[in-house]
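Undergrad: Need the 3D shape of this:
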Amino acid sequence: MHRHTLSIGPDYQVYQLRNVARVQVLDWKPDLGYGSISSVLWKMILAVIAVVVAGVAANTATSDAGWVNWAGLAAAVLAVRYLYQAIRIALRRTQWALVLETTGIPIAVITGKQREPVVELHRFIVNSIENPPAHVQTWHIGHLNMVGGDQINQSGEGNKWGKVLNG
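TA: Numbers count the residues shown, from 1 in each chain. Down below sits the predicted model:
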């Protein structure tokens, strides 16, 4: 933290303090890619119904019911898979995010599994905006993750550049 700038993370992303529009702490649960718990539970219920229907059809069929048994086994495997996904969604831990928005496009998100370090960093930034320090101040917090927006990197010869997606 300097009088006019805020540097965050190991790659030292720099923000001008006068351009900071909002600093807030939010709680969130990471997306596991399964969808919502209700959609996973509905899929599980449909798979269990398919197992029951296959079981009833296998017991009432007088001819070869091999395909019904395979369909029931496939539905049972899907039911177990959806149960596993539902348990993972229900047991995921809440994480805490410090969201730093500027008056321009840039946004920074710093996340951690414990609330207190994120809140302390929030207080530190807000106090520095209200009372800019006279000299450089450094504050180290362990076990926080920096999630920035997309970055455009441009370098010398041939003007090669690339886009790095960070979130």
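Undergrad: which residues in this protein form helices?
TA: If DSSP state H is used as the criterion, the helices of the chain fall at 37-60, 66-91, 115-130.
Undergrad: want to throw those helices into JSON lines with mean pLDDT and distance to A21?
TA: For every residue, glycine as well, the C-beta is placed using N, CA and C. Shown next, in JSON lines, are the helices of the chain (pLDDT from 0 to 100; distance: least, Cβ to Cβ, whole Å):
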{"stretch": "helix 37-60", "mean pLDDT": "91", "distance to A21": "34"}
{"stretch": "helix 66-91", "mean pLDDT": "91", "distance to A21": "33"}
{"stretch": "helix 115-130", "mean pLDDT": "84", "distance to A21": "11"}
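Undergrad: Among those, which comes closest to N19?
TA: Proximity to N19 (Cβ to Cβ) singles out helix 115-130 among these, at 10.4 Å.
Undergrad: Mind putting the helices of the chain into TSV with distance to S7 and mean neighbour count?
TA: Shown next, in TSV, are the helices of the chain (distance: least, Cβ to Cβ, whole Å; neighbours: other Cβ atoms under 10 Å):
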stretch	distance to S7	mean neighbour count
helix 37-60	39	15
helix 66-91	36	15
helix 115-130	11	15
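Undergrad: Report the separation between H4 and I107.
TA: 20 Å (Cβ to Cβ, to the nearest Å).
Undergrad: and if you look at N131?
TA: Distance from N131 to I107, by Cβ to Cβ: 24 Å.
Undergrad: more crowded one of the two?
TA: Ranked by neighbour count (other Cβ atoms under 10 Å), N131 and I107 place I107 first, with 15 against 8.
Undergrad: what pLDDT does the more buried one get?
TA: pLDDT for I107: 71.
Undergrad: Verify the stated contact: it with A97.
TA: No. Between I107 and A97 there is no contact under Cβ atoms under 8 Å: 11.0 Å.
Undergrad: Show me which residues of stretch 92-107 are buried.
TA: Q95, W96, A97, L98, V99, L100, E101, T102 (16 or more other Cβ atoms under 10 Å).
Undergrad: what distance separates the start and the end of it?
TA: End-to-end distance for stretch 92-107: 25 Å, by Cα to Cα, to the nearest Å.
Undergrad: From K113, how far off is the residue most central in space within the chain?
TA: The residue lying closest to the centre of the chain (Cα atoms, centre = their mean) is P30, at 3.6 Å. Note on P30: its distance to K113, by Cβ to Cβ, is 10 Å.
Undergrad: tell me, what's touching those two both at once?
TA: Any residue near both P30 and K113 by Cβ atoms under 8 Å, 6 or more residues apart in numbering counts here, and that gives Q95.
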